[in-house]
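coords please:
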Amino acid sequence: IYPDEWHWRQGISRDDAAREMCNAWKSSRAIASIVLQEQLGQIVAGVMGRDSVRIAQDDIVWKPPQPRGEQQRATATSV
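Numbers count the residues shown, from 1 in each chain. This next block holds a predicted model:
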């Protein structure tokens, strides 16, 4: 089973582009074991001042590291 949304494909997307997966817990038991943890739900409920919570959607976003010079150049040009 694939995630509901998957933004980035090897060989199609740019190598330096951010990647995103929505509802990755559906396709990975490893991710589900974190996202669906009862203890995590209790922490989130506590922060929100609720008795309980339910997962609506998980969203994983990551960006591959850039060479050190590229990060500095990107920061300098965005200022």
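
Flag every buried residue along stretch 23-35.
23-25, 31, 35 (16 or more other Cβ atoms under 10 Å). Heads up, the C-betas are built off the backbone N, CA and C, glycines and all.

Any stretches of this protein with poor pLDDT?
By pLDDT under 70, the low-scoring segments of the chain are 67-79.

ok so, going back, which of the buried residues of stretch 23-35 lies at the shortest distance from residue 54?
The shortest approach to residue 54 among these belongs to residue 35, at 11.6 Å (Cβ to Cβ).

so what's the residue lying closest to that closest one once chain neighbours are set aside up against?
The shortest distance from residue 35 to any non-neighbouring residue, by Cβ to Cβ, 6 or more residues apart in numbering, is to residue 25 (4.3 Å). Contact analysis of residue 25 by Cβ atoms under 8 Å, 6 or more residues apart in numbering lists 31-32, 35-36, 55, 58.

ok, now with 10 Å
Neighbour list for residue 25: 3, 31-36, 55, 57-58, 60 [criterion: Cβ atoms under 10 Å, 6 or more residues apart in numbering].

now it, what's its secondary structure?
Counting by DSSP: H, G, I helix; E, B strand; the rest coil, the backbone at residue 25 sits in helix.

ok, which stretches of the protein are helices?
29-35, 38-48, 68-78 (DSSP state H).

For the second one, give me every contacting residue.
Put plainly, it is helix 38-48. Residues contacting helix 38-48 (Cβ under 10 Å, 6+ apart): 34-35, 37, 50-55.
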